[in-house]
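Chemist: Model the structure of this input:
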Amino acid sequence: MRRRPTTRHRATSARYRTDVRAARFRGPPAAILVKIYTRAGDSGETSLHGGDRVSKSDARVEAYGTVDELNAALGLAASLTDDDAVRSRISATQARLLDLGADIATPDAAAAAVAGRLTRADASWASDLEADIDAMAAELAPLRSFILPGGHPSAAALHSARTVCRRAERRLFGAVESGAEVNEHAAVYLNRLSDWLFTLARFANARAGVPDEEWRPPRSR
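Modeler: Just a heads-up that it's a prediction; the model follows:
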């Protein structure tokens, strides 16, 4: 039996839709990208936010590069559904992932210098995801077993994006272990985001009328 959404759950879903509309109409970007190619990376180095030059194989670059990969995976998932409740959530998260990538690409020493151009992850990012997980779960049947990734094409793509999210989290901790100073809220957000993506995949299946396929132990297959 599905649980009825609470007022808090409905407010959270409405906030996600509002975030997307605001993103569409907030006006011109603060910076205009004049050229797609710069030739600055031809030697195998790239610039962090703040100007420091590092190898493209640097652990920090690997972390925010994987966040970029996650964003692209979400774009694919969005293209596979016409459900506004799913697409609006994905769009809001894609915008947030661009902020996250910039945050990870900014060493602490450079944060003050670029403060006016930088949105940093904070505790509200994870709490917003938790509230939306609860909102979506209120419309889903309770989990009784592990489920196999798949179902509707958008749900399958969201499950795939979830695994990229887990990899981004691992890469971020790898950067920290290599000595990079990284905003602690970025790691918390990625950890919660994978849970959110799992729930969104189930939510997408439910709204498409496609049941989740439960895992069965070997003896019952």
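Chemist: switch to C-alpha atoms for all contacts and neighbour counts from now on
Modeler: Noted.
Chemist: you'd agree Asn191 is up against Val164?
Modeler: No. Shown here, Asn191 and Val164 do not form a contact pair, counting by Cα atoms under 8 Å, at 11.6 Å.
Chemist: who's more crowded, the two?
Modeler: Just comparing Asn191 and Val164: by other Cα atoms under 10 Å the higher neighbour count belongs to Val164, 21 against 17.
Chemist: That one: what's it in contact with?
Modeler: Applying Cα atoms under 8 Å, 6 or more residues apart in numbering to Val164 gives the contacts 66, 69-70.
Chemist: CSV please, covering those residues and showing neighbour count and distance to Val176.
Modeler: Putting these into CSV (neighbours: other Cα atoms under 10 Å; distance: Cα to Cα, whole Å) gives the following:
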residue, neighbour count, distance to Val176
Thr66, 22, 15
Glu69, 16, 20
Leu70, 24, 20
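Chemist: could you dump those residues to CSV with secondary structure, pLDDT and distance to Ser220?
Modeler: Shown next, in CSV, are the contacts of Val164 (DSSP: H, G, I helix; E, B strand; the rest coil; pLDDT from 0 to 100; distance: Cα to Cα, whole Å):
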residue, secondary structure, pLDDT, distance to Ser220
Thr66, helix, 98, 38
Glu69, helix, 98, 37
Leu70, helix, 98, 35
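Chemist: For Gly174, state which of those is nearest.
Modeler: Thr66 (12.2 Å; Cα to Cα).
Chemist: Next, give phi and psi for the residue lying closest to the closest one once chain neighbours are set aside.
Modeler: What sits nearest to Thr66 in space, not counting adjacent residues and going by Cα to Cα, 6 or more residues apart in numbering, is Ala168, at 5.1 Å. Ala168 adopts backbone torsions of phi -60, psi -40, taken as degrees, to the nearest 10.
Chemist: In this structure Ala168 contacts Ala63, no?
Modeler: Yes. Look at Ala168 against Ala63 with Cα under 8 Å: they come within range, at 5.8 Å.
Chemist: Now the element after the lowest-mean-pLDDT helix or strand in the chain, going C-ward?
Modeler: In the chain, no helix or strand scores lower on mean pLDDT, DSSP states H and E than helix 7-24, which sits at a mean of 50. Toward the C-terminus, helix 7-24 is succeeded by strand 45-47 as the next helix or strand (DSSP states H and E).
Chemist: Show me what that next one is in contact with.
Modeler: With contacts defined as Cα under 8 Å, 6+ apart, strand 45-47 is touched by 40, 53-56.
Chemist: cool, stretch 64-81 as well?
Modeler: Under Cα under 8 Å, 6+ apart, the answer for stretch 64-81 is 86-87, 90-91, 94, 97-98, 100-102, 104-105, 153-155, 157-158, 160-161, 164-165, 167-168, 171-172.
Chemist: neighbours around Arg170, how many?
Modeler: 17.
Chemist: again but with Thr119, I slipped
Modeler: By other Cα under 10 Å, 14 other residues sit near Thr119.
Chemist: cool, Gly174 as well?
Modeler: Neighbour count of Gly174, defined by other Cα under 10 Å: 16.
Chemist: now swap in Ser43 and tell me
Modeler: Counted with other Cα under 10 Å, Ser43 comes out at 9.
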